[in-house]
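Participant: Model the following, please.
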Amino acid sequence: MTEPVFRDPLDPQENSPPAPVGTASSASKKIADGGAGWERATLEKLAFASLREQRAARRWRTFTRLAWLLFLVTIAWILFHRAAPTTTKTTPHTAVIDIKGEIAEGAEASAEFVVSAMRTAFEDEGSQAVVLLINSPGGSPVQAGIINDEIGRLKAKHKKPVYAVVEETCASAAYYIAAGTDQIFVDKASIVGSIGVLMDGFGFTGLMDKLGVERRLLTAGENKGFLDPFSPQNERQRQYAQQMLDQIHQQFIAVVKAGRGTRLKETPETFSGLFWTGQQAVEMGLADKLGNLDYVARDVVKAEEVVDYTRRDNVAERLAKKFGAAMGAGAVHALKQVPALRYDGRGRSTRPAARHSTTAAATTSQSAAVSDDSPARKPITGGPPMKPR
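Facilitator: Residues are numbered from 1 along each chain as shown. Okay, here's the model as predicted:
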């Protein structure tokens with residue numbers, strides 16, 4: 001006999017029908033299978049995404065390395081390649097070399113660049129003549145002398161004429177160069193001349209007296225403080241400097257007389273340092289004719305095609321120089337930060353503790369420029385070089 005079962009009518013679980021056998025276990029299995037599939041799909045997506053990211057990073061690294069390699073190869077090619085003239089050696093043409101700006105070591109109008117360009121122009125069989133296109137207020141007498149000497153040597157070796165064509169200015173050391181050419185062509189308004197030498201600087205002794213500053217200069221050698229701007233001017237040293245200026249001036253005069261010969265109509269002011277217009281220069285024999293580059297190539301050389309042989313610093317060379325200067329300054333700064341080695345009483349080397357120190361540096365500055373009164377003149381510090389003007 002079955003015992004009676006009492007159910008609570010208010011209990012929903014008591015009143016619900018019994019679940020079929022096996023239903024709960026089937027549902028749990030389906031949930032478990034669905035969860036495992038979702039996790040597997042998610043893991044697969046993450047794995048494929050990681051692979052794609054690695055491939056992209058690998059491709060980007062390869063591209064970056066190839067780009068840097070191409071960049072370095074291009075820089076090396078630019079640094080060591082000198083573009084040859086666009087015309088062949090058998091094509092008659094007029095070779096042109098620019099001399100612009102200050103004539104100084106390291107500038108585009110330096111003897112290194114100008115002489116290199118002249119040699120290339122003279123050696124080209126197609127060049128009928130070499131034209132120096134000048135627009136310069138002057139510069140170093142040494143650089144100008146090197147160029148002038150090389151003009152004479154190349155003319156004698158290759159038997160080709162050399163002409164100077166003046167644009168705006170041909171003064172001081174620029175005229176030193178032009179005097180070595182066969183003929184000088186100018187514009188009627190060009191500035192020509194300034195045959196002289198100058199050495200300029202500043203004296204601060206009066207200002208120092210007013211400020212109560214005492215100059216303490218120690219030298220080993222009577223003339224080691226020659227033309228020190230912070231010391232009173234010594235008359236004997238001033239006379240010595242004047243003798244040097246006069247000697248360089250005579251060298252300049254001799255070059256002009258040798259180059260111009262009987263064409264020069266010398267006056268008391270010819271070698272006084274004055275400059276004249278192109279029209280006056282022709283009348284004085286400092287120049288030959290009025291004319292520009294096209295006129296010389298067409299009517300004098302008889303080769304209208306003009307080929308530029310000027311050697312210039314390209315972008316890569318300028319960057320290399322700046323990079324080298326920056327590296328040098330950084331190295332000097334780093335060396336200054338390294339404390340000096342000391343030896344203790346037992347022969348061991350030690351480094352002193354870092355300490356703050358002040359260093360007083362005695363500097364001298366003597367500005368010199370070889371140009372006329374043009375604003376293009378640049379001071380040169382570090383000594384008393386002489387410049388023709």
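Participant: From Trp60, how far off is Leu69?
Facilitator: From Leu69 across to Trp60, the span is 15 Å (Cβ to Cβ, to the nearest Å). (C-beta placed from N, C-alpha, C; glycine too.)
Participant: One more: Ala144?
Facilitator: Counting by Cβ to Cβ - Ala144 and Trp60 are separated by 55 Å.
Participant: okay, the two: which has more neighbours?
Facilitator: Shown here are Ala144 and Trp60; by other Cβ atoms under 10 Å, Ala144 has more neighbours (32 against 10).
Participant: next one: phi and psi at that one?
Facilitator: Here is the backbone geometry of Ala144 (degrees, to the nearest 10): phi -60, psi -40.
Participant: I figured it hits Ala178, correct?
Facilitator: No. Contact between Ala144 and Ala178 fails when scored by Cβ atoms under 8 Å: they sit 9.7 Å apart.
Participant: Could I get the CA-only coordinates of stretch 211-228 as PDB?
Facilitator: Presented in PDB, the C-alpha positions along stretch 211-228 are these (Å, rounded to 0.1, in the frame of the first residue of the first chain):
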ATOM      1  CA  LEU A 211      84.700 100.300 -16.500                       C
ATOM      2  CA  GLY A 212      87.600  99.800 -14.200                       C
ATOM      3  CA  VAL A 213      88.700  96.600 -16.000                       C
ATOM      4  CA  GLU A 214      92.400  95.700 -15.900                       C
ATOM      5  CA  ARG A 215      93.900  93.700 -18.700                       C
ATOM      6  CA  ARG A 216      96.300  91.000 -17.400                       C
ATOM      7  CA  LEU A 217      98.100  89.600 -20.400                       C
ATOM      8  CA  LEU A 218     101.100  87.300 -19.800                       C
ATOM      9  CA  THR A 219     103.200  86.300 -22.800                       C
ATOM     10  CA  ALA A 220     106.400  84.400 -23.500                       C
ATOM     11  CA  GLY A 221     107.900  86.400 -26.300                       C
ATOM     12  CA  GLU A 222     108.000  90.200 -26.700                       C
ATOM     13  CA  ASN A 223     105.500  90.300 -29.600                       C
ATOM     14  CA  LYS A 224     103.200  87.400 -28.700                       C
ATOM     15  CA  GLY A 225     100.500  89.900 -27.800                       C
ATOM     16  CA  PHE A 226     100.800  91.500 -31.200                       C
ATOM     17  CA  LEU A 227      97.800  93.800 -31.900                       C
ATOM     18  CA  ASP A 228      95.900  92.700 -28.800                       C
END
